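> coordinates only, no sequence provided:
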């Protein structure tokens, strides 16, 4: 039999595996534009993004982690013997869905896979009463709002940039924004690391509370949890994610340094703003919306709406399918444990 402490360690390791997968799954969000415009080589781009993923904890705090840890699922309403299994099965649902979408090059949301998996396992264990409306309300609202905000900001930033630099030669604009993209990619990576690493921090904090190791972990995230989660997502980003880079960087719309800068800046502003508000958003949704908004400044036909439409379908399906995989995982656990008993 596995000891309770060993089981806790196993779940934390699985959570960090999810965080790592989140890093390479969502690496494309941080680097697709800067790679597709050839401002940085793929190798240099992932190092740049990983560094800012890691240092995000110094800037963006823990508000999202606290939302995930205590405002999404009432873990105490689940029988004690099942609480850790709910977390493990939730992570399983998120990881499986992330790997499926990564394999097919679909930029779905790791964030929504995580909250969907967590909710699916919790509901399978104790019904819908364990779902906390407060955390879910803002999460569901921003499923719709984050790509719209990204698109609007991307559109208006691109229009403003074109007007401000209208007297510059194309060569001079290109040269200037090649340097500017280093800043915009850094800001976006900072937002990505700050929002996404905090989701795993919240899950691990929930594990510490459920196991009675640290009853206050969801109120004051331990420093070691902060550091290992940011390290895991940074290492994942170093692993790349080239399938999704191609989709975001070239298949939605053709990007130049100036448009890449505008898209990354729009997405960074959106994500950093909501992170301070403790709202877990999808960095994938936001950067995709920003790229669509930037592309629409040329003409609506510049956006490949068929590709964008398939991405939207992946967004719609992520929470229910991750939840379904997690619920099935929990039901299998109950069946196996019942047979073993």
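Structure received. The structure displayed is predicted, hence computed values, not measured ones. Numbering: from 1, shown residues only.

> CA only for contacts and neighbour counts going forward, please
OK.

> show me which helix or strand of this structure is least confident by mean pLDDT.
Least confident helix or strand of the chain, by mean pLDDT, DSSP states H and E, is helix 242-246 with a mean of 52.

> just the buried residues of the helix or strand that that helix is followed by, please?
Counting by DSSP states H and E, the next helix or strand C-terminal to helix 242-246 is helix 257-276. Neighbour counts over helix 257-276 (16 or more other Cα atoms under 10 Å) mark 257-272, 274-276 as buried.

> please pull up the helix or strand immediately following helix 257-276.
helix 283-295.

> can you spell out which helices and strands pack onto that next one?
When contacts are defined as 3 or more Cα pairs under 8 Å, 6 or more residues apart in numbering; DSSP states H and E, helix 283-295 sits against helix 4-36, helix 133-164, helix 257-276.

> now do it and helix 133-164, the angle between them.
If you take axes from the mean of the first three to the mean of the last three Cα atoms, to 10 degrees, helix 283-295 sits at 30 degrees to helix 133-164.

> for helix 283-295, buried residues please.
Here helix 283-295 shows 283-295 as buried, counting by 16+ other Cα under 10 Å.

> rebuild those as CSV, extending it with pLDDT and distance to residue 53.
CSV is the format used below for the buried residues of helix 283-295 (pLDDT from 0 to 100; distance: Cα to Cα, whole Å):
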residue, pLDDT, distance to residue 53
283, 80, 12
284, 76, 15
285, 78, 18
286, 85, 17
287, 82, 16
288, 80, 19
289, 84, 21
290, 88, 20
291, 83, 21
292, 82, 24
293, 88, 25
294, 87, 24
295, 81, 26
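
> which one of those residues is nearest to residue 232?
Residue 232 lies nearest to residue 283 out of the buried residues of helix 283-295, by Cα to Cα, at 17.1 Å.

> how near is that closest one to residue 262?
Between residue 283 and residue 262 the computed distance is 16 Å (Cα to Cα, to the nearest Å).

> now swap in residue 185 and tell me
With Cα to Cα as the criterion, residue 185 and residue 262 are 10 Å apart.

> kindly report the same for residue 86.
For residue 86, the distance to residue 262 equals 41 Å [Cα to Cα].

> and if you look at residue 92?
In terms of Cα to Cα, residue 92 sits 36 Å off from residue 262.

> before we move on, what about residue 326?
With distances taken as Cα to Cα, residue 326 is found 37 Å from residue 262.

> do residue 316 as well
Residue 316 is 26 Å from residue 262, by Cα to Cα.

> burial measure for the residue nearest to residue 12 when sequence neighbours are not counted, as a count.
Leaving out its chain neighbours, the residue that sits closest to residue 12 by Cα to Cα, 6 or more residues apart in numbering is residue 204, at 6.1 Å. The number of residues packed near residue 204 is 31, by other Cα atoms under 10 Å.

> tell me the contacts of residue 204?
Contacts for residue 204 were tallied using Cα atoms under 8 Å, 6 or more residues apart in numbering; they are 12, 15, 69, 225.

> just the element for it, please.
Using DSSP H and E, residue 204 sits within helix 170-210.

> which strands or helices does the helix or strand following that helix pack on?
Remark: after helix 170-210, the chain's next helix or strand is helix 223-238, criterion DSSP H and E. Where contact means 3+ Cα pairs under 8 Å, 6+ apart, helix 223-238 is packed against helix 4-36, helix 42-55, helix 57-60, helix 170-210.

> list the contacts of helix 223-238.
Helix 223-238 is contacted from outside by 16-17, 19-27, 46-47, 49-51, 53-57, 193, 197-198, 200-201, 204-205, using Cα under 8 Å, 6+ apart.
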